[in-house]
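1. Here you go, sequence then predicted model.
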Amino acid sequence: MILSIESSCDDSSIAITDIKTKKLIYHKKISQEIQHSCYGGVVPELAARLHIEALPKILEETKEYFSKLKAVAVTNAPGLSVTLMEGVTMAKALALSLNLPLIAVNHLKGHIYSLFIEKNEVLPCTILLVSGGHTQIIEASSFADMKIIATTLDDSFGESFDKVSKMMNLGYPGGPIVQEYALKGDENRFDFPVPLRQSPNIEFSYSGLKNAVRLEIEKIGELNEQNKADICASFQKTAVAHIMQKIKKYFKKNIPTNFAIVGGASANIYLRTQIEDLCSKHKTKLHLSQLKYCSDNAAMIGRVALEQYKINDFTKIEDIDIQTRIKVFK
(Lines give C-alpha, C1' and ligand atoms only; values in the text may rest on other atoms or scores of the structure.)
Protein backbone atom coordinates (compact mmCIF):
# COMPACT_ATOMS: atom_id res chain seq x y z
CA MET A 1 0.00 0.00 0.00
CA ILE A 2 0.96 3.64 -0.40
CA LEU A 3 0.29 6.31 2.22
CA SER A 4 -0.36 9.73 0.68
CA ILE A 5 -0.50 13.18 2.28
CA GLU A 6 -2.13 16.37 1.00
CA SER A 7 -1.58 19.81 2.61
CA SER A 8 -1.20 22.22 -0.32
CA CYS A 9 -3.77 24.70 0.99
CA ASP A 10 -6.49 24.42 3.64
CA ASP A 11 -7.38 20.71 3.59
CA SER A 12 -5.49 18.22 5.75
CA SER A 13 -5.83 14.78 4.21
CA ILE A 14 -4.24 11.33 4.33
CA ALA A 15 -5.09 8.25 2.28
CA ILE A 16 -4.02 4.63 1.99
CA THR A 17 -4.21 3.09 -1.49
CA ASP A 18 -3.71 -0.54 -2.48
CA ILE A 19 -1.03 -0.76 -5.16
CA LYS A 20 -2.35 -3.84 -7.00
CA THR A 21 -6.11 -3.18 -6.97
CA LYS A 22 -6.06 0.65 -6.83
CA LYS A 23 -8.65 0.34 -4.06
CA LEU A 24 -8.86 3.21 -1.58
CA ILE A 25 -8.35 1.47 1.75
CA TYR A 26 -8.51 4.56 3.95
CA HIS A 27 -9.23 8.22 3.31
CA LYS A 28 -9.88 11.12 5.63
CA LYS A 29 -9.91 14.86 5.15
CA ILE A 30 -10.25 17.65 7.71
CA SER A 31 -11.33 20.94 6.18
CA GLN A 32 -10.43 24.35 7.57
CA GLU A 33 -13.28 26.25 5.91
CA ILE A 34 -14.90 27.35 9.18
CA GLN A 35 -11.65 28.74 10.61
CA HIS A 36 -10.91 30.77 7.47
CA SER A 37 -14.47 31.88 6.73
CA CYS A 38 -14.29 34.98 8.94
CA TYR A 39 -11.33 36.22 6.86
CA GLY A 40 -13.03 35.68 3.50
CA GLY A 41 -10.16 33.50 2.30
CA VAL A 42 -7.28 31.28 3.34
CA VAL A 43 -4.75 32.75 5.80
CA PRO A 44 -1.51 30.79 5.11
CA GLU A 45 -0.03 30.97 8.61
CA LEU A 46 -3.33 29.90 10.20
CA ALA A 47 -3.63 27.06 7.69
CA ALA A 48 -0.14 25.83 8.57
CA ARG A 49 -0.94 25.79 12.30
CA LEU A 50 -4.14 23.86 11.68
CA HIS A 51 -2.26 21.29 9.58
CA ILE A 52 0.10 20.75 12.51
CA GLU A 53 -2.92 19.82 14.64
CA ALA A 54 -4.91 17.82 12.09
CA LEU A 55 -2.35 15.72 10.20
CA PRO A 56 -1.00 13.81 13.26
CA LYS A 57 -4.57 13.04 14.37
CA ILE A 58 -5.38 11.53 10.98
CA LEU A 59 -2.06 9.70 10.81
CA GLU A 60 -2.78 8.03 14.16
CA GLU A 61 -5.73 6.25 12.52
CA THR A 62 -3.51 4.72 9.82
CA LYS A 63 -0.93 2.98 12.04
CA GLU A 64 -2.48 -0.46 11.47
CA TYR A 65 -1.41 -0.20 7.81
CA PHE A 66 2.23 0.79 8.42
CA SER A 67 3.55 -2.78 8.07
CA LYS A 68 2.03 -3.04 4.59
CA LEU A 69 3.33 0.26 3.23
CA LYS A 70 5.67 0.25 0.23
CA ALA A 71 6.04 4.03 -0.14
CA VAL A 72 5.03 7.41 1.23
CA ALA A 73 3.66 10.04 -1.18
CA VAL A 74 3.15 13.75 -0.59
CA THR A 75 2.10 16.85 -2.50
CA ASN A 76 5.14 19.11 -2.96
CA ALA A 77 3.92 21.50 -5.69
CA PRO A 78 2.16 23.76 -6.35
CA GLY A 79 0.56 25.33 -3.28
CA LEU A 80 1.20 27.56 -0.27
CA SER A 81 4.79 27.15 0.88
CA VAL A 82 4.01 27.10 4.61
CA THR A 83 1.28 24.47 4.23
CA LEU A 84 3.17 22.30 1.72
CA MET A 85 6.02 22.21 4.22
CA GLU A 86 3.82 20.58 6.88
CA GLY A 87 2.94 17.65 4.63
CA VAL A 88 6.46 17.28 3.27
CA THR A 89 7.96 17.31 6.77
CA MET A 90 5.59 14.54 7.89
CA ALA A 91 6.29 12.50 4.76
CA LYS A 92 10.06 12.77 5.23
CA ALA A 93 9.76 11.68 8.86
CA LEU A 94 7.63 8.67 7.90
CA ALA A 95 9.91 7.66 5.07
CA LEU A 96 12.93 7.81 7.36
CA SER A 97 11.35 6.01 10.32
CA LEU A 98 9.73 3.26 8.21
CA ASN A 99 12.62 3.01 5.74
CA LEU A 100 10.35 3.63 2.75
CA PRO A 101 10.87 5.42 -0.57
CA LEU A 102 9.39 8.89 -0.96
CA ILE A 103 7.17 9.97 -3.87
CA ALA A 104 6.81 13.71 -4.61
CA VAL A 105 3.47 14.37 -6.31
CA ASN A 106 2.40 17.29 -8.49
CA HIS A 107 -0.87 18.62 -7.08
CA LEU A 108 -2.27 19.40 -10.53
CA LYS A 109 -1.65 15.84 -11.65
CA GLY A 110 -3.53 14.87 -8.53
CA HIS A 111 -6.60 16.75 -9.73
CA ILE A 112 -6.36 15.02 -13.10
CA TYR A 113 -6.11 11.61 -11.46
CA SER A 114 -9.10 12.38 -9.24
CA LEU A 115 -10.94 11.15 -12.34
CA PHE A 116 -9.38 7.70 -11.95
CA ILE A 117 -9.62 6.95 -8.22
CA GLU A 118 -10.18 3.19 -7.85
CA LYS A 119 -10.20 2.74 -11.63
CA ASN A 120 -7.91 2.64 -14.64
CA GLU A 121 -6.82 5.86 -16.30
CA VAL A 122 -8.39 7.00 -19.58
CA LEU A 123 -5.78 8.80 -21.68
CA PRO A 124 -5.30 10.74 -23.91
CA CYS A 125 -7.71 13.30 -22.52
CA THR A 126 -8.10 17.06 -22.65
CA ILE A 127 -8.75 18.51 -19.19
CA LEU A 128 -10.22 21.78 -17.96
CA LEU A 129 -8.78 22.39 -14.50
CA VAL A 130 -10.70 25.00 -12.53
CA SER A 131 -9.85 25.67 -8.89
CA GLY A 132 -9.09 28.43 -6.42
CA GLY A 133 -5.60 28.76 -7.82
CA HIS A 134 -5.80 27.60 -11.42
CA THR A 135 -7.78 27.87 -14.62
CA GLN A 136 -6.08 25.77 -17.28
CA ILE A 137 -6.61 23.59 -20.31
CA ILE A 138 -4.28 20.61 -20.19
CA GLU A 139 -3.61 18.06 -22.92
CA ALA A 140 -2.76 14.77 -21.22
CA SER A 141 -1.43 12.33 -23.80
CA SER A 142 -0.03 9.97 -21.17
CA PHE A 143 1.10 10.04 -17.56
CA ALA A 144 4.52 11.31 -18.61
CA ASP A 145 3.28 13.66 -21.34
CA MET A 146 1.01 16.45 -20.08
CA LYS A 147 1.08 19.99 -21.42
CA ILE A 148 -0.61 23.15 -20.19
CA ILE A 149 -1.85 24.80 -23.37
CA ALA A 150 -3.94 27.59 -21.87
CA THR A 151 -4.00 29.32 -18.51
CA THR A 152 -5.24 32.47 -16.79
CA LEU A 153 -3.48 35.79 -17.22
CA ASP A 154 -4.38 36.83 -13.68
CA ASP A 155 -7.07 35.44 -11.37
CA SER A 156 -8.61 31.98 -11.48
CA PHE A 157 -12.22 30.91 -11.99
CA GLY A 158 -12.50 29.63 -8.42
CA GLU A 159 -10.80 32.64 -6.88
CA SER A 160 -13.21 35.00 -8.62
CA PHE A 161 -16.15 33.26 -6.90
CA ASP A 162 -14.39 33.63 -3.54
CA LYS A 163 -13.76 37.33 -4.13
CA VAL A 164 -17.31 38.08 -5.29
CA SER A 165 -18.64 36.32 -2.21
CA LYS A 166 -16.28 38.33 -0.01
CA MET A 167 -17.40 41.62 -1.62
CA MET A 168 -20.94 40.92 -0.41
CA ASN A 169 -19.90 39.34 2.93
CA LEU A 170 -21.53 36.04 1.98
CA GLY A 171 -18.85 33.78 3.43
CA TYR A 172 -16.09 31.38 2.39
CA PRO A 173 -15.60 29.31 0.29
CA GLY A 174 -17.38 31.41 -2.29
CA GLY A 175 -18.02 28.76 -4.95
CA PRO A 176 -20.94 26.90 -3.36
CA ILE A 177 -22.29 30.06 -1.72
CA VAL A 178 -22.44 32.08 -4.96
CA GLN A 179 -23.92 29.07 -6.76
CA GLU A 180 -26.66 28.77 -4.14
CA TYR A 181 -27.51 32.48 -4.27
CA ALA A 182 -27.52 32.34 -8.08
CA LEU A 183 -30.35 29.80 -8.03
CA LYS A 184 -32.61 32.52 -6.59
CA GLY A 185 -31.38 35.33 -8.85
CA ASP A 186 -32.00 36.86 -12.27
CA GLU A 187 -28.91 36.13 -14.37
CA ASN A 188 -29.91 38.75 -16.94
CA ARG A 189 -30.30 41.69 -14.57
CA PHE A 190 -26.66 42.81 -14.77
CA ASP A 191 -24.79 42.80 -18.07
CA PHE A 192 -21.26 42.10 -16.89
CA PRO A 193 -18.62 42.09 -19.68
CA VAL A 194 -17.33 38.70 -20.83
CA PRO A 195 -13.52 38.83 -20.48
CA LEU A 196 -11.34 38.66 -23.60
CA ARG A 197 -14.41 38.34 -25.81
CA GLN A 198 -12.63 39.81 -28.84
CA SER A 199 -9.32 38.04 -28.28
CA PRO A 200 -8.56 35.16 -30.68
CA ASN A 201 -6.26 33.60 -28.07
CA ILE A 202 -7.31 30.69 -25.88
CA GLU A 203 -6.54 32.13 -22.45
CA PHE A 204 -8.45 33.28 -19.38
CA SER A 205 -8.76 36.40 -17.23
CA TYR A 206 -11.04 37.23 -14.30
CA SER A 207 -9.64 40.45 -12.84
CA GLY A 208 -11.77 42.66 -15.08
CA LEU A 209 -14.96 40.76 -14.32
CA LYS A 210 -14.29 40.99 -10.59
CA ASN A 211 -13.81 44.73 -10.90
CA ALA A 212 -17.07 45.09 -12.85
CA VAL A 213 -18.91 43.30 -10.05
CA ARG A 214 -17.23 45.50 -7.44
CA LEU A 215 -18.31 48.68 -9.27
CA GLU A 216 -21.91 47.45 -9.51
CA ILE A 217 -21.98 46.67 -5.79
CA GLU A 218 -20.67 50.15 -4.99
CA LYS A 219 -23.25 51.66 -7.33
CA ILE A 220 -26.15 49.89 -5.60
CA GLY A 221 -24.95 50.65 -2.09
CA GLU A 222 -26.70 48.65 0.60
CA LEU A 223 -27.62 45.25 -0.86
CA ASN A 224 -30.81 43.38 -0.10
CA GLU A 225 -31.09 39.61 -0.58
CA GLN A 226 -32.48 39.92 -4.10
CA ASN A 227 -29.64 42.23 -5.14
CA LYS A 228 -27.15 39.66 -3.88
CA ALA A 229 -28.89 36.81 -5.70
CA ASP A 230 -29.09 38.76 -8.96
CA ILE A 231 -25.42 39.75 -8.76
CA CYS A 232 -24.40 36.15 -8.09
CA ALA A 233 -26.50 34.83 -10.95
CA SER A 234 -25.27 37.46 -13.41
CA PHE A 235 -21.66 36.98 -12.35
CA GLN A 236 -21.85 33.19 -12.59
CA LYS A 237 -23.41 33.39 -16.04
CA THR A 238 -20.60 35.66 -17.27
CA ALA A 239 -17.80 33.70 -15.58
CA VAL A 240 -18.97 30.47 -17.19
CA ALA A 241 -19.64 32.18 -20.54
CA HIS A 242 -15.97 33.21 -20.60
CA ILE A 243 -14.81 29.64 -20.09
CA MET A 244 -17.26 28.25 -22.62
CA GLN A 245 -16.21 30.79 -25.24
CA LYS A 246 -12.58 29.69 -24.94
CA ILE A 247 -13.41 25.96 -24.78
CA LYS A 248 -15.47 26.31 -27.97
CA LYS A 249 -12.49 27.95 -29.65
CA TYR A 250 -10.40 24.96 -28.61
CA PHE A 251 -12.98 22.50 -29.95
CA LYS A 252 -12.95 24.29 -33.30
CA LYS A 253 -9.24 23.56 -33.59
CA ASN A 254 -9.26 20.07 -32.15
CA ILE A 255 -12.28 18.01 -31.07
CA PRO A 256 -11.00 15.69 -28.33
CA THR A 257 -12.14 12.09 -27.94
CA ASN A 258 -12.10 12.49 -24.15
CA PHE A 259 -12.70 15.67 -22.18
CA ALA A 260 -12.79 16.20 -18.42
CA ILE A 261 -13.37 18.91 -15.80
CA VAL A 262 -11.37 18.69 -12.56
CA GLY A 263 -10.54 20.87 -9.57
CA GLY A 264 -12.59 22.29 -6.72
CA ALA A 265 -14.57 24.66 -8.95
CA SER A 266 -15.52 21.79 -11.29
CA ALA A 267 -18.32 21.07 -8.82
CA ASN A 268 -20.17 24.10 -10.23
CA ILE A 269 -23.36 22.66 -11.72
CA TYR A 270 -23.89 25.61 -14.09
CA LEU A 271 -20.47 24.95 -15.66
CA ARG A 272 -20.89 21.18 -15.71
CA THR A 273 -24.21 21.42 -17.54
CA GLN A 274 -22.82 23.60 -20.32
CA ILE A 275 -19.74 21.41 -20.73
CA GLU A 276 -22.00 18.36 -20.92
CA ASP A 277 -24.02 19.99 -23.72
CA LEU A 278 -20.88 20.90 -25.66
CA CYS A 279 -19.40 17.40 -25.39
CA SER A 280 -22.70 15.82 -26.36
CA LYS A 281 -22.87 18.02 -29.47
CA HIS A 282 -19.40 16.94 -30.57
CA LYS A 283 -19.78 13.28 -29.45
CA THR A 284 -16.89 13.74 -27.03
CA LYS A 285 -16.79 11.47 -23.97
CA LEU A 286 -17.03 13.60 -20.81
CA HIS A 287 -15.29 12.45 -17.63
CA LEU A 288 -16.16 13.92 -14.24
CA SER A 289 -14.71 13.35 -10.79
CA GLN A 290 -17.06 12.37 -8.01
CA LEU A 291 -18.04 15.54 -6.17
CA LYS A 292 -16.29 14.36 -2.99
CA TYR A 293 -12.99 14.24 -4.90
CA CYS A 294 -13.27 17.60 -6.69
CA SER A 295 -11.60 19.60 -3.91
CA ASP A 296 -8.11 18.89 -2.55
CA ASN A 297 -7.72 15.40 -1.10
CA ALA A 298 -5.10 12.72 -0.46
CA ALA A 299 -6.97 10.05 -2.44
CA MET A 300 -6.07 11.78 -5.72
CA ILE A 301 -2.46 12.15 -4.57
CA GLY A 302 -2.35 8.46 -3.81
CA ARG A 303 -3.75 7.63 -7.26
CA VAL A 304 -0.92 9.58 -8.93
CA ALA A 305 1.57 7.89 -6.62
CA LEU A 306 0.49 4.48 -7.95
CA GLU A 307 1.65 5.49 -11.42
CA GLN A 308 4.93 6.86 -10.11
CA TYR A 309 5.53 3.74 -8.03
CA LYS A 310 5.18 1.53 -11.12
CA ILE A 311 8.05 3.37 -12.83
CA ASN A 312 10.17 3.78 -9.68
CA ASP A 313 9.76 7.56 -9.76
CA PHE A 314 11.05 8.25 -6.26
CA THR A 315 12.67 11.33 -4.72
CA LYS A 316 15.55 11.26 -2.27
CA ILE A 317 14.55 12.64 1.10
CA GLU A 318 17.30 15.25 0.99
CA ASP A 319 16.29 16.34 -2.52
CA ILE A 320 12.56 16.93 -2.11
CA ASP A 321 11.59 20.59 -2.31
CA ILE A 322 8.39 22.61 -2.43
CA GLN A 323 7.16 24.88 -5.21
CA THR A 324 4.41 27.46 -4.95
CA ARG A 325 3.75 27.63 -8.69
CA ILE A 326 4.48 25.36 -11.61
CA LYS A 327 4.45 25.91 -15.37
CA VAL A 328 4.99 22.40 -16.68
CA PHE A 329 4.36 18.87 -15.52
CA LYS A 330 7.29 16.65 -14.60
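-> Ah, there it is. Here the structure is a predicted model, which is why all the values come from computation and not from measurement.
2. Strands along this protein, start to end?
-> For the chain, strands defined by DSSP state E occupy the ranges 2-6, 11-17, 24-31, 71-77, 102-106, 125-130, 135-142, 145-150, 258-262, 285-288.
3. who does the fifth one touch, helix- and strand-wise?
-> Yep, that's strand 102-106 we're talking about. Taking 3 or more CB pairs under 8 Å, 6 or more residues apart in numbering; DSSP states H and E as the contact definition, the neighbouring helices and strands of strand 102-106 are strand 71-77, helix 81-98, helix 298-310. (Glycine included, C-beta is placed from N, CA and C.)
4. who touches the last one?
-> When you say that, I think you mean helix 298-310. 2-6, 13-17, 19, 22, 24, 27, 29, 70-71, 73-75, 103, 105-107, 109-111, 113-114, 116-117, 121, 143, 293, 314 (CB atoms under 8 Å, 6 or more residues apart in numbering).
5. looking at the strands of the chain, which is closest to Ile275?
-> Ile275 lies closest, by CB to CB, to one member of the strands of the chain: strand 258-262, at 5.7 Å.
6. Can you get me the centre-to-centre distance for that closest one and its chain?
-> Mean C-alpha position of strand 258-262 versus that of the full chain (CA atoms, centre = their mean, to the nearest Å) differs by 13 Å.
7. Could you do stretch 185-203 as well?
-> Here stretch 185-203 shows a centroid-to-chain-centroid distance of 23 Å under the convention CA atoms, centre = their mean.
8. and the end-to-end length of it?
-> End-to-end distance for stretch 185-203: 29 Å, by CA to CA, to the nearest Å.
9. same thing with stretch 37-51?
-> Between the start and the finish of stretch 37-51 there is a gap of 16 Å, counting by CA to CA.
10. Enumerate the positions of that stretch that are buried.
-> Of the residues in stretch 37-51, those with enough neighbours to count as buried (16 or more other CB atoms under 10 Å) are 40-43, 46-51.
11. So for that stretch, mean pLDDT?
-> Mean pLDDT, stretch 37-51: 91.
12. ok, and what's touching that stretch?
-> Stretch 37-51 is contacted from outside by 7, 9-10, 12, 32, 35-36, 80-83, 85-87, 132, 162, 165-166, 169, 171-172, using CB under 8 Å, 6+ apart.
13. Just the buried residues of these.
-> Members of the contacts of stretch 37-51 that pass the buried threshold by neighbour count (16+ other CB under 10 Å) are listed as 7, 9-10, 12, 32, 35-36, 80, 82-83, 85-87, 132, 162, 165, 171-172.
14. hmm, back to that, now the strands of the chain in a markdown table, please, with extra columns for distance to Gly208 and mean pLDDT.
-> Below are these laid out as a markdown table (distance: least, CB to CB, whole Å; pLDDT from 0 to 100):
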| stretch | distance to Gly208 | mean pLDDT |
| --- | --- | --- |
| strand 2-6 | 32 | 98 |
| strand 11-17 | 30 | 98 |
| strand 24-31 | 31 | 97 |
| strand 71-77 | 29 | 97 |
| strand 102-106 | 30 | 97 |
| strand 125-130 | 18 | 97 |
| strand 135-142 | 14 | 97 |
| strand 145-150 | 17 | 96 |
| strand 258-262 | 23 | 97 |
| strand 285-288 | 29 | 97 |
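15. sorry, back to before: between the helices and strands packed on strand 102-106, which one is closest to His242.
-> Nearest of the helices and strands packed on strand 102-106 to His242, taken as CB to CB: helix 298-310 at 26.2 Å.
16. Break the protein into its domains for me.
-> Partitioning the chain according to automatic domain parsing yields domains covering residues 2-117+293-310, 125-288.
17. Phe116 is in contact with Phe262, correct?
-> For the record, residue 262 is Val, not Phe. No. Here Val262 lies out of contact with Phe116, judged by CB atoms under 8 Å, at a distance of 10.5 Å.
18. and Lys119, how far is that from Ser4?
-> Taking CB to CB, to the nearest Å as the measure, Lys119 falls 17 Å from Ser4.
19. neighbour-wise, which of the two wins?
-> Looking at Lys119 and Ser4 with other CB atoms under 10 Å, you find the greater number of neighbours at Ser4, namely 31 against 9.
20. For the protein, which helix extends over the most residues?
-> Across the chain, the helix with the greatest residue count (assigned by DSSP state H) is helix 225-253.
21. and that one with strand 135-142, angle?
-> Put simply, helix 225-253 runs at 40 degrees to strand 135-142, going by axes from the mean of the first three to the mean of the last three CA atoms, to 10 degrees.
22. helices or strands next to helix 225-253 in the packing?
-> Applying 3+ CB pairs under 8 Å, 6+ apart, one finds that helix 225-253 makes contact with strand 125-130, strand 135-142, helix 157-167, helix 174-182, helix 207-220, helix 269-281.
23. try 7 Å
-> Packed against helix 225-253, as judged by 3 or more CB pairs under 7 Å, 6 or more residues apart in numbering; DSSP states H and E, are the following elements: helix 157-167, helix 174-182, helix 207-220, helix 269-281.
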